[in-house]
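A.B. asks: Just to be clear, the model below is a prediction. Sequence and coordinates:
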Amino acid sequence: MLSKNNEKNSKARILSKYEDMFVCPVCSSFMKVVNLKSFICSKHHCFDIAKQGYVNLLPHPFKTKYDKQLFEARRMISQSGFFDPLLARISEIMMENLQSESKLIKILDAGCGEGSHLSQIQQRIMDQSQCNLLGIGIDISKEGIHMASRGTSGKAIWCVADLAKCPFVDQQFNFILNILSPSSYSEFHRMLADGGMVIKVIPESKYLQELRGIFYKQSDRTVYSNENTIELFNRNFDLVELQRIQYGVTMENKYIEQLVRMTPLSWGASEELKQQVLGKDKLEITCDFSVLLGKKMSARRTN
């Protein structure tokens, strides 16, 4: 087992190997890894590489409601297999759209949280193909990236970064994943390689309907629509396909608690209603997603 210092050095070497993908988030100049400790641009803006091996590329601290407890719950839910059918389908889509297995395939998970989705997708593809994959996960939450860098393996780079100003040069990524996360379509378009694909996952109307029905039974939040999200995606990319993925999961009590901690749906619910859910021995939960597959707009749509 690698010591913490060796683990940091190993991750810093991966960052160093692919440093030419990055630009400084302050001045947009190119960057270099120095002594496996710092990531420094040509104008001397310096970002330290954390002992866990990730790099914080936010020019200024940013507070979010996504805390350590939420990410721990999300990781436990992911490890339980809750997202497995969704991640299996995303992996299949990516393998179906690989243009070449001989070159390096670069995957950006934009809004990666604690890293479980990207790590599992990478592992699934590597198990079923000879692809040379590099995964890069970015999130604005330091807590999420800290956890991603500690608890994942494989060839991956983890960065605290702002989706609205991504620290990458143009046309870098074969795939951009955006799973249940906000988007920055102008940045996605800039970073996507020609022939690349954006894979965006959004909740559908029945996703977590059991929780929504308890938490918001006397309000209009029991009904969810993503029509505006799909319309916005279609204005920015050629929507080549939309796939609906539905399945049910039986949650044991220990996972019910983690599910409540994981989802922002619980933020507006009263303590009484949360306890109503937490007191159940089992709960049938509906998973319902749309997977939007987008490519750069063709000339006919951009003229």
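C.D. replies: That came in fine, so what should we check first?

A.B. asks: all helices of the protein, in order?
C.D. replies: 4-17, 68-79, 84-96, 116-128, 142-151, 185-191, 209-215, 227-236, 253-262, 271-278, 299-302 (DSSP state H).

A.B. asks: Give me whichever of the ones you listed is most buried.
C.D. replies: Scoring these by mean neighbour count under mean count of other C-beta atoms under 10 Å gives helix 142-151 as the most buried, with a mean of 23. No exception for glycine: its C-beta is placed from N, CA and C like everyone else's.

A.B. asks: now that helix against helix 4-17, angle please.
C.D. replies: Between helix 142-151 and helix 4-17, the angle comes out at 110 degrees (axes from the mean of the first three to the mean of the last three C-alpha atoms, to 10 degrees).

A.B. asks: Report the inter-axis angle for helix 142-151 versus helix 68-79.
C.D. replies: Using the same axes, to 10 degrees: helix 142-151 against helix 68-79 is 40 degrees.

A.B. asks: All further residue positions should be reported with the first residue as 45.
C.D. replies: Taking 45 as the first residue, the last one we looked at is helix 186-195.

A.B. asks: circling back: and the helices of the chain: which comes nearest Q96?
C.D. replies: Of all the helices of the chain, helix 186-195 sits nearest to Q96, with 4.2 Å by C-beta to C-beta.

A.B. asks: any idea how far the closest one is from the chain center?
C.D. replies: On the basis of C-alpha atoms, centre = their mean, to the nearest Å, helix 186-195 sits 12 Å off its chain's mean C-alpha point.

A.B. asks: And stretch 56-71, by the same measure?
C.D. replies: With C-alpha atoms, centre = their mean, you get 19 Å for stretch 56-71.

A.B. asks: Quick one: residues in contact with it.
C.D. replies: Here stretch 56-71 makes contact (C-beta atoms under 8 Å, 6 or more residues apart in numbering) with 73-77, 80-81, 83, 85-87, 89, 93, 97, 99, 101-103, 150, 178, 180, 199-201, 205-206, 209, 211-213, 216.
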